[in-house]
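> Fold the following.
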Amino acid sequence: MIKSYESDQKQKFELILVQDCTETDKKQLIQDFDLPSTVLEYVDDKDEPARTEVDVEGDYALLVFWAPLKGSAHSEPISVIFFDKKLFIFLSSEMHFVSDTLKELRDQAYEKRMSFVLDLILPIVRKYIGRVTKLEYRADQIQDKLSARTRMKRLDDLTLINQDAIYLRASIQENSSCFEDIKSLSKDTDIPFDKICNRKLHNIQLETNQASRMIGLISESVEQLSNTYDRLINNNLNDIMRFLTIWSLLLAVPPIVSGFYGMNMHLPLVSGSLAWLASIILTGVLMLALIIYLHNHHSV
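Next up, the predicted model:
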């Protein structure tokens, strides 16, 4: 779906917003705006890496960065094209907060396209910080419930947190590398980059560095939690095996005693009406002796 916003007193450039770009949309963009077909090859690719690209002849500049999807740690790329004094923005319809941000920015005054784009990027970076903060809260909840009697559900939650952290870290790192190259776009094109843009870019880089540092700390925390849970599980397993081993040894004593007394041979205390009681007492004495032995050797 293509929406075109003509330049006016507030915005001195034409804005073309494309949501969920299709092949039909590409043909229309080429026909209506003379966009080079080469720059449209990857605008619908959901795995497109974050980067900056300038045409050899300087006719257009491409900026690709990632934005998080609603309620998920996954991200999708946003493609921005500077061409013929126009600004083209390609995004997914699932990026509702990006669409809301664009609506707010259209109500403000902008003379330069780059200033508009930088104001669009800043809330996206802050959105990543919000996602990372929620991830940190989830990790803290698991850490608070850390105990020797751990459950598999918490391990599953920890695995999901680790997976989300991987997705977020990859997107943040790609964006960080891309934002460092934004300023170079003005060197090979006619896109101005003034002091205001410098200040906005500086704020973006600060926020990106903060998000990168936070996700790094969370990744380390999750790794330590995983190692701790592994140790707890191993300790629990060792306790279970120790318990089963001790009881298997204790329960092996009665069959041994009864087996001897069941043989057709002369044994002490085998005659008399209290012979069964003697065998029970002997069994108890042997079991008690085994318990004392295991206790002295730190097995109980």
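> And Phe83, its phi and psi?
phi -150, psi 130 (degrees, to the nearest 10).
> ditto for Val18
phi -120, psi 120.
> so it sits right up against Ser92, yeah?
No. Val18 lies out of contact with Ser92 (C-beta atoms under 8 Å); the separation is 10.4 Å. Backbone N, C-alpha and C define where each C-beta goes, glycine included.
> Who has more neighbours out of these two?
Val18 (23 against 18; other C-beta atoms under 10 Å).
> just wondering, since we're on the more buried one, how far is it from Ile89?
For Val18, the distance to Ile89 equals 7 Å [C-beta to C-beta, to the nearest Å].
> what about stretch 76-96, distance to the chain center?
Taking C-alpha atoms, centre = their mean, to the nearest Å, one finds stretch 76-96 lying 25 Å from the centre of the chain it belongs to.
> Ser93 and Asp20 touch, don't they?
Yes. At 5.2 Å, Ser93 and Asp20 qualify as touching, with contact defined as C-beta under 8 Å.
> Just give me the neighbour total for Ile172.
Neighbourhood size, Ile172 [other C-beta under 10 Å]: 27.
> how much space between it and Pro68?
On the measure of C-beta to C-beta, Ile172 and Pro68 end up 10 Å apart.
> okay, and the common contacts of Ser93 and Asp20?
Met1 (C-beta atoms under 8 Å, 6 or more residues apart in numbering).
> hey, what's in contact with both of Ile172 and Pro68?
Tyr128.
> now the closest residue to Leu286 other than its chain neighbours, what's its secondary structure?
Nearest non-adjacent residue to Leu286, counting by C-beta to C-beta, 6 or more residues apart in numbering: Val253, 5.0 Å away. Recorded secondary structure, Val253: helix (DSSP: H, G, I helix; E, B strand; the rest coil).
> Okay, now the unreliable bits of the stretch 151-300 of the chain?
Within the stretch 151-300 of the chain, the segments meeting pLDDT under 70 span 151-154, 188-190, 260-276, 298-300.
> all strands for it, in order.
In chain order, the stretch 151-300 of the chain shows no strands, with DSSP state E, counting those that start in this stretch as the criterion.
> how about the helices in it?
Assigned by DSSP state H, counting those that start in this stretch, the helices in the stretch 151-300 of the chain fall at 152-180, 185-188, 195-261, 275-296.
> Perfect, I'm done here.
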